[in-house]
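**Q** sequence first, then the predicted structure:
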Amino acid sequence: QVQVVESGGGSVQPGGSLRLSCAISGISVDRHAVGWFRQGPGKEREGVACLSAEDETTYYPDSVKDRFSIFRDYASNVVYLQMNGLKFEDSATYYCAARAAAYSSSWCQPLYDWWGQGTQVTVSS
């Protein structure tokens, strides 16, 4: 059974940083694509960072490029999302997910097989 558990959310001022963690059990993060997604109130879920296990390529939408970074720790089987320069519009529930496939979905679409429960990120002054 695959389990995905996020942690690290919280409140931060604009310009601040947060690091989200995603502990995955039941599969190895070096063999499966992983990603981070977010969903704000009344909005669709969108991908903010995807990492392919096939060739370790990453994808970030323009809205977070150069501010967010996804990386994984093979030893602990944890996937991280480092978020810098946070903006008001980054406020959302953030979800970690993994795919049965080794390659990421096109354009980091939320077409993943296993999902965590989400962790809230609030950017406010």
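**A** Here it is on my side, so go on. Residues are numbered from 1 along each chain as shown.

**Q** residue contacts, the residue nearest the centre of the chain?
**A** Most central in the chain under C-alpha atoms, centre = their mean is residue 36, positioned 1.8 Å from the mean C-alpha point. Contact partners of residue 36, counting by C-beta atoms under 8 Å, 6 or more residues apart in numbering, are 20, 22, 47-50, 68, 70, 79, 81, 94-97. Where C-beta positions appear, they are placed from N, C-alpha and C, glycine not excepted.

**Q** those in strands, which ones?
**A** 20, 22, 47-50, 68, 70, 79, 81, 94-97 (DSSP state E).

**Q** farthest-separated two in the residues you listed?
**A** Farthest-apart pair in these is 68 and 97; separation 15.3 Å (C-beta to C-beta).

**Q** if we can go back for a sec, let me see the mean pLDDT of the helix or strand the residue nearest to the centre of the chain falls within.
**A** Under the criterion DSSP states H and E, the helix or strand holding residue 36 is strand 34-39. In this model, strand 34-39 has a mean pLDDT of 98.

**Q** distance of residue 124 relative to residue 39?
**A** In this structure, residue 124 and residue 39 are 18 Å apart, going by C-beta to C-beta, to the nearest Å.

**Q** so between these two, which is more surrounded?
**A** Per other C-beta atoms under 10 Å, whichever of residue 124 and residue 39 has more neighbours is residue 39, with 15 against 9.

**Q** given the strand holding residue 36, what are its sheet partners and their directions?
**A** Next to strand 34-39 in the sheet, as set by DSSP bridges, lie strand 46-51 (antiparallel), strand 92-98 (antiparallel).

**Q** so what's the gap between the next helix or strand after the shortest one and the chain middle?
**A** Meaning strand 46-51. Sequence-wise, the next helix or strand downstream of strand 46-51 (DSSP H and E) is strand 58-59. Put simply, strand 58-59 sits 11 Å off its chain's centre (C-alpha atoms, centre = their mean, to the nearest Å).
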